[in-house]
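> Fold the following and give me the result.
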Amino acid sequence: MKTILGNKKFIITISGILLITGVVYGGRYLWYSWHRNSLPLSQGPTMYTCSMHPQIMQDHPGNCPICGMTLIAMKGSHQHDAEGDHNHGANFSSNASSQSDKILIEIEPSVIQKMGVQTAAVKREPITREIRSVAHIDFAEDAEAVVNARFDGWVEKLYASITGQQVRRGQPLAAVYSPALLATQSEYLHLFRTVSQSPNNKESQELLQAARQRLQLWNITNAQIKALEKRGQPSRLMSIYAPISGVITEKNVVQGAKIKEGQDLFKIINLSQVWAMIHITENDIQFVKLGMPVDMIVPQLGEQVFHGKVNFIYPYLERQDRDLKVRVSFANPGYQLKPGMFATLHVKRTLPGQSLTIPSSAVIRTGTRELVFVYDGQGRFEPREITSGVSTTDNRIQVLAGLADGEAVVVSGQFLLDSETRIQEAVRKMRSSEANPMSGSDLKTDSNMGGHQH
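The predicted structure follows:
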């Protein structure tokens, strides 16, 4: 029991110390903020703050209590700045002014050099994007055919007996005996002889046409029908032919098997052309168009480059990966490209016209907006909001609004400038709070707190 009471007393003591410390530091921060804003810039004391933690403000130099960095001098007057820089060794000094609600940060050239600030020009140039994507090779869906049984019967001869066998269009695949087909052949020959002897007999002509159509619906070719007429005798076996040239990928019949109407016997795929499926991210969609050339390298085939074209762009995004599926067609005369292989596809396109671009490292993304710092060449920096577009291959970003051709943007050291900008915005809000204490809930709180310092 004594241990528990002792622990409670210790916790209460620590909580009290933390509360008193928070009140002291909070009161000092609010007093310095009010006192700094209540005086003109030329008469106020030099305030010091942390570039990484703008909420830290005090009227004497030192180190940040949070990160330990040397505090930065905020200019109150030239006299105080010179004294502060000389006596306390401040390594950064700035002066922000407002011109039509524009914040300008002024930094001495020596400090700019110490900060390592580097700039790059805003350029107008074509937007080029190179896309590399891993793809898999697949069959061309429009080059597939299924051989189906149109009648019942028995397979007495099987010419295509191996899966993977290459066949030509019109090549016999199997010979089938069908009683129904044999009877229809006999009926057709009888009507054919009747029409030959009585060419004016319209009824016989109609019956002959009906028998001929029935043979055609059973997938009997015109050449087979003419051979039947010439032979004059029905054939016991009727051959089934390949409708296209290609490779047999499925074989669902063996010699001697009984087949039924509607049964799939073979599946043939023409491999003289194959497809490759690539997935394009949302940012790259506008760089892909129908018919554009695509280069492909297959690791299994060495450094040989295959040239193809985009032949279809799917009209929807994949829900899971949020990307766009694009189909590329490649000629494959020697059957080097085999479905199932993985390949690397290279797409390169330049958008029409020219656009303003800046290095991607110049952009500070806050989550709600994009900022850059524009340098005027006279030691002044201006934070400016921009609207960006697509990115290029050489790590540049298209600028749709906010910059002009030839301006210089900061590409290194801009985060220190961003911290200083936040400090100046906080000071301006405090001044607005003092001038108009009813402008908002946050401003009223700052004004009321400052009003306690009489």
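
> any idea of the mean pLDDT for stretch 351-364?
The average pLDDT within stretch 351-364 is 86.

> If you count neighbours, what's buried in that stretch?
Across stretch 351-364, burial judged by 16 or more other CB atoms under 10 Å covers 351, 355-359, 361-364. C-beta here means a position set from N, CA and C on the backbone, and glycine is covered the same way.

> first to last residue in that stretch, what's the distance?
One end of stretch 351-364 sits 25 Å from the other (CA to CA, to the nearest Å).

> neighbouring contacts of it?
Contacts to stretch 351-364, defined as CB atoms under 8 Å, 6 or more residues apart in numbering, come from residues 120, 122-129, 286-287, 370-373, 386, 388-392, 395-400, 403-405, 409-412, 414-415, 418.

> Let's see which of the residues you listed end up in strands.
Counting by DSSP state E, the part of these found in strands is 120, 123-125, 128-129, 370-373, 386, 388-391, 396-400, 409-412.

> Which among the residues you listed count as buried?
Buried, going by 16+ other CB under 10 Å: 120, 129, 370-373, 386, 388-391, 396-399, 409-411, out of the ones in strands among the contacts of stretch 351-364.

> With secondary structure and distance to Lys338 added, can I get the buried residues of stretch 351-364 in a markdown table?
Shown next, in a markdown table, are those (DSSP: H, G, I helix; E, B strand; the rest coil; distance: CB to CB, whole Å):
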| residue | secondary structure | distance to Lys338 |
| --- | --- | --- |
| Leu351 | coil | 35 |
| Ser355 | strand | 42 |
| Leu356 | strand | 46 |
| Thr357 | strand | 42 |
| Ile358 | strand | 45 |
| Pro359 | strand | 43 |
| Ser361 | helix | 44 |
| Ala362 | helix | 47 |
| Val363 | coil | 45 |
| Ile364 | strand | 49 |
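
> With respect to Lys325, which of those is nearest?
Ranked by distance to Lys325 (CB to CB), those are led by Leu351 at 21.9 Å.

> distance between the strand or helix carrying Leu265 and the chain's centre?
Per DSSP states H and E, Leu265 falls inside strand 264-269. Here strand 264-269 is found 38 Å from its chain centre; the criterion is CA atoms, centre = their mean, to the nearest Å.

> Would you mark the buried spots in the strand or helix carrying Ala210?
Using DSSP H and E, Ala210 maps to helix 202-217. Residues of helix 202-217 classed as buried: 204, 207-208, 211-212, 215 (neighbour count, 16+ other CB under 10 Å).

> For the chain, which segments are assigned as helices?
Assigned by DSSP state H, the chain shows helices spanning 2-38, 78-88, 109-115, 179-197, 202-217, 222-231, 414-435, 441-451.

> which residues touch the fourth one?
Okay, so that is helix 179-197. 151-153, 201, 204-205, 207-208, 211-212, 214-215, 218, 220, 225, 228-229, 232-236, 238.

> Ignoring the adjacent residues along the chain, who's closest to Arg327?
Phe312 (4.2 Å; CB to CB, 6 or more residues apart in numbering).

> now for this protein, which residue lies nearest the mean position of the chain?
For the chain, the residue nearest the mean C-alpha position is Thr281 (1.9 Å; CA atoms, centre = their mean).

> OK, contacts around Asn153?
One correction, residue 153 is Gly, not Asn. With contact set as CB under 8 Å, 6+ apart, Gly153 has these partners: 176-181, 258-259.

> could I get the residues you listed as a markdown table with neighbour count and pLDDT?
Converted to a markdown table, the contacts of Gly153 look like this (neighbours: other CB atoms under 10 Å; pLDDT from 0 to 100):
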| residue | neighbour count | pLDDT |
| --- | --- | --- |
| Val176 | 24 | 95 |
| Tyr177 | 15 | 95 |
| Ser178 | 21 | 93 |
| Pro179 | 11 | 93 |
| Ala180 | 13 | 92 |
| Leu181 | 22 | 92 |
| Lys258 | 11 | 94 |
| Ile259 | 22 | 94 |
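
> Looking at these, spot the one nearest Leu301.
Nearest to Leu301 among these is Ile259, at 40.1 Å by CB to CB.

> Who are the contact partners of that closest one?
149, 152-155, 176, 253, 265.

> give me that answer again for 7 Å
Shown in contact with Ile259 (CB atoms under 7 Å, 6 or more residues apart in numbering): 149, 152-153, 155, 176, 253, 265.

> Looking at those, which one is closest to Glu303?
The nearest member of these to Glu303, counting by CB to CB, is Leu265 at 41.8 Å.

> How much space separates the closest one from Glu250?
Separation of Leu265 from Glu250 (CB to CB, to the nearest Å): 9 Å.

> These two: who's more crowded?
Applying other CB atoms under 10 Å to Leu265 and Glu250 shows that Leu265 carries more neighbours, namely 21 against 13.

> can you give me the strands in the stretch 201-350 of the chain?
237-241, 246-251, 258-259, 264-269, 273-281, 293-297, 305-317, 323-331, 342-350 (DSSP state E, counting those that start in this stretch).

> So which elements touch the second one?
Just to be clear, that refers to strand 246-251. strand 166-167, strand 264-269 (3 or more CB pairs under 7 Å, 6 or more residues apart in numbering; DSSP states H and E).

> Return the most buried member of these.
strand 264-269 (a mean of 20; mean count of other CB atoms under 10 Å).

> Give me the buried positions along stretch 139-150.
Those would be 139-140, 143, 145, 147, 149-150, for stretch 139-150 by 16+ other CB under 10 Å.

> just to revisit the earlier point, between the helix holding Ala210 and helix 179-197, how many degrees?
Here helix 202-217 points in a direction 140 degrees away from that of helix 179-197 (axes from the mean of the first three to the mean of the last three CA atoms, to 10 degrees).

> and helix 202-217, what's its mean pLDDT?
Mean pLDDT, computed over helix 202-217, is 90.

> can you check stretch 288-297 too?
On average, stretch 288-297 scores 91.

> Kindly check the end-to-end length of that stretch for me.
Note: stretch 288-297 ends 19 Å apart using CA to CA.

> likewise stretch 343-362?
35 Å.

> And for stretch 373-388?
Across stretch 373-388, first to last residue, CA to CA, it's 14 Å.
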